[in-house]
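**Q** When you get a sec, could you give me coordinates for this:
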Amino acid sequence: MIGKLKQNLLVACLVISSVTVFYLGRHAMDCHHRSEERSHPGGVLPLSALGGSMRTTLRTGQNLSTPFVYNKDMPLIFIGGVPRSGTTLMRAMLDAHPEVRCGEETRVIPRILAMKQMWSRSGREKMRLDEAGVTDEVLDAAMQAFLLEIIVKHGEPANFLCNKDPFALKSLSYLAKIFPRAKFVLMIRDGRASVHSMISRKVTIAGFDLGSYRDCLTKWNRAIETMYTQCLEAVDKCLPMHYEQLVLHPEKWMQTLLKFLEVPWNDAVLHHEELIGKAGGPMLSDTNLQIPCFQVSILAPVTETLNDDSVAKSLNEEKMSHTMSHFLFSFSLWTFGYSIRLECSLWKPSAVATHQLISTAFT
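**A** Residues are numbered from 1 along each chain as shown. Here you go, the predicted model:
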């Protein structure tokens, strides 16, 4: 009887010891993870949690067993501008780079930034928030964490993460404040061509009346002025880029851009159309971007010379001339180097782009 009691007591001691060891082990692991998270405020995430479990390695070349560390000090890239100004083309070209991931528009980032602006502009709302302890520091930390989670987790990891929500650059100064290492690419296009593209393609943009050239040009002017002013203020962090120049001289301007972003050069950025839909390549819904860069938006017949008129597309000259005759937005056109004359020709394509276009047209 006593022997059986000793045996039961021994078993009970073994069980208690095992449970204690297991608990202490789990507690030690939790402490280790928490200390790592404190050292990297943004977060530490297994690569497999970002949708990369189907492959052994991702575009960064990292193994799935290696954690992907992200925080506010990582080199983020923001692409913006007025819609129909080449933001999607720029995103596709950067997405073709093996070390960059942009992905589709999130749509939520410009909205949350607009809400933050609204809270800041309203004196009464600002006072109520401060009284509630929701200070600027609290809001900035929350915005930082929210935006970073969206950018990181809506696609696979990469050495350089990029966001393309065109109107996000209306808050360029604020983004530069909460993400100190972020850089910005402002796409600029002749406003007449952008508006013509919106209207002819029936691209719905909040606040733009697609039935009125005048309204769309007014809204274009207001939006681009807001973004361009902030871009000039952050001159070392923001690069304005003309859509027409990018299409006509892709290699020159992509080299300039990648140097500015401190991203190593890779020829893949000049051949984004070859990588669409493939692993690590851009995912696009716009069929116009499934052709080489030098053909994008060049709808005119091949002639001896190619100029920015063909890049900008044919405009409804009667309607546009009537609008331009009494419209002050022509100052913005002049500021960006565009003439108010519809027949102007500012830029010519590189010899390589012309050769590629002509050889493609006759094959």
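**Q** May I ask you to confirm that Gln255 belongs to a strand?
**A** No. Gln255 is assigned helix when assessed by DSSP: H, G, I helix; E, B strand; the rest coil, not a strand.
**Q** Quick check: closest non-adjacent residue to it.
**A** Of all residues not flanking Gln255 in the chain, Trp265 sits nearest, at 6.5 Å (Cβ to Cβ, 6 or more residues apart in numbering). Any C-beta I mention is one placed from the backbone N, CA and C, and that applies to glycine too.
**Q** try Trp253
**A** Nearest to Trp253 is Leu246, by Cβ to Cβ, 6+ apart, at 5.0 Å.
**Q** I figured the one you found was touching Gly86, is that so?
**A** Yes. With contact defined as Cβ atoms under 8 Å, Leu246 reaches Gly86; the gap is 6.3 Å.
**Q** more neighbours, the two?
**A** Gly86 (28 against 24; other Cβ atoms under 10 Å).
**Q** any idea how far the closest residue in space to the more buried one that isn't next to it in sequence is from Ser85?
**A** Nearest in space to Gly86, with sequence neighbours left out and distances taken as Cβ to Cβ, 6+ apart, is Tyr243 at 3.4 Å. Taking Cβ to Cβ, to the nearest Å as the measure, Tyr243 and Ser85 are separated by 6 Å.
**Q** Next: Ile188.
**A** 7 Å.
**Q** hey, what's in contact with both of the two?
**A** The contact sets of Ile188 and Ser85 overlap at Tyr243 (Cβ atoms under 8 Å, 6 or more residues apart in numbering).
**Q** joint contacts of Tyr243 and Ser85?
**A** 187-189.
**Q** and those, which are buried?
**A** 187-189 (16 or more other Cβ atoms under 10 Å).
**Q** Okay, and which of those residues map to strands?
**A** 187-188 (DSSP state E).
**Q** from the buried ones among the shared contacts of Tyr243 and Ser85, which single one is nearest Lys259?
**A** Met187 (17.7 Å; Cβ to Cβ).
**Q** Can you pull the poorly scored residue ranges out of the stretch 51-200 of the chain?
**A** Applying pLDDT under 70 to the stretch 51-200 of the chain flags residues 51-66.
**Q** all strands in it, in order from the N-terminus.
**A** 67-70, 76-81, 100-101, 160-164, 183-188 (DSSP state E, counting those that start in this stretch).
**Q** contacts for the fourth one?
**A** For strand 160-164, the external contacting residues (Cβ under 8 Å, 6+ apart) are 70, 74-80, 87-88, 90-91, 94-95, 97, 99-106, 109, 151-152, 261, 263.
**Q** Try it again at 7 Å.
**A** Applying Cβ atoms under 7 Å, 6 or more residues apart in numbering, the contact partners of strand 160-164 are 74-79, 87, 91, 94, 99-102, 105-106, 109, 151-152, 263.
**Q** quick one, it and strand 183-188 angle?
**A** 30 degrees (axes from the mean of the first three to the mean of the last three Cα atoms, to 10 degrees).
**Q** Same check on the second one?
**A** Angle, strand 76-81 to strand 183-188, by the same axes, to 10 degrees: 10 degrees.
**Q** got the buried residues for strand 76-81?
**A** Neighbour-count burial for strand 76-81 [16+ other Cβ under 10 Å]: 76-81.
**Q** still on that earlier bit, what's the burial count for the residue nearest to Gly86?
**A** 25.
**Q** on that earlier part again, present the buried residues of strand 76-81 as TSV; the columns should include distance to Ser173.
**A** What follows is the buried residues of strand 76-81, written out as TSV (distance: Cβ to Cβ, whole Å):
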residue	distance to Ser173
Leu76	15
Ile77	17
Phe78	12
Ile79	17
Gly80	13
Gly81	16
